[in-house]
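Asks: sequence first, predicted model second:
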Amino acid sequence: MAKASKTRTRSPLKRTLRKPLPRTWDTVRKLALAFPGAEESTSYGTPAFKVRGKLFVRLHQSGESIVVGIDESDRALRMKADPETYFITDHYLAYPWMLVRLSLVQEDDLRDLLEDSWRRVAPQSLIDSCDAS
């Protein structure tokens, strides 16, 4: 009598859940360059992205966070909902900018923040071309 072969198959439902990799400046670069007119630059001696010379995101000097332009009411909501990820220093109290910890922000949120910041400074013609595509 032949022995039945015991082959082990893995269920497609058993997958290892992996924590997403933290975002980096390279993630920001990839996302920022998708916006019309975005150009790599510097600001305060750190890497940055601008559109027609106007800043929309830069790497904070800590190297762990980015600085993005944001509506002050949206900033307050985000900081209240998730103060570990979204915060400001005293320097930014009077300005419409917010710091975002790259190690904690979700990529979809990062994309939305960058787009909103880009829209704050981009000329209408570039916004229209982005909306058309």
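Replies: Nice, I can see it.
Asks: chain center to stretch 68-80: distance?
Replies: Relative to the mean C-alpha coordinate of its chain, stretch 68-80 is positioned 14 Å out (C-alpha atoms, centre = their mean, to the nearest Å).
Asks: residues of it that come out buried?
Replies: 68-70, 75, 78-79 (16 or more other C-beta atoms under 10 Å). All C-beta spots, glycine's among them, are computed from the backbone N, C-alpha and C.
Asks: then stretch 57-65?
Replies: The neighbour-count check on stretch 57-65 (16+ other C-beta under 10 Å) flags 57-60, 65 as buried.
Asks: and if you look at stretch 95-105?
Replies: For stretch 95-105, using 16+ other C-beta under 10 Å, the buried residues are 97-102, 105.
Asks: and it, how far from the chain's centre?
Replies: Counting by C-alpha atoms, centre = their mean, stretch 95-105 comes out at 9 Å from the chain centroid.
Asks: again with stretch 110-122
Replies: 9 Å.
Asks: contact partners of it?
Replies: 23, 27-28, 31-32, 35-38, 50-52, 54-57, 68-71, 74, 96, 100, 102, 105, 127, 130 (C-beta atoms under 8 Å, 6 or more residues apart in numbering).
Asks: buried residues, that stretch. List them.
Replies: Buried residues in stretch 110-122, counted by 16+ other C-beta under 10 Å: 110-111, 113-115, 117-122.
Asks: and the spatially most central residue of the chain, how far is that from residue 103?
Replies: Centroid-nearest residue in the chain, with C-alpha atoms, centre = their mean: residue 110, separated by 2.5 Å. Going from residue 110 to residue 103 by C-beta to C-beta, to the nearest Å gives 11 Å.
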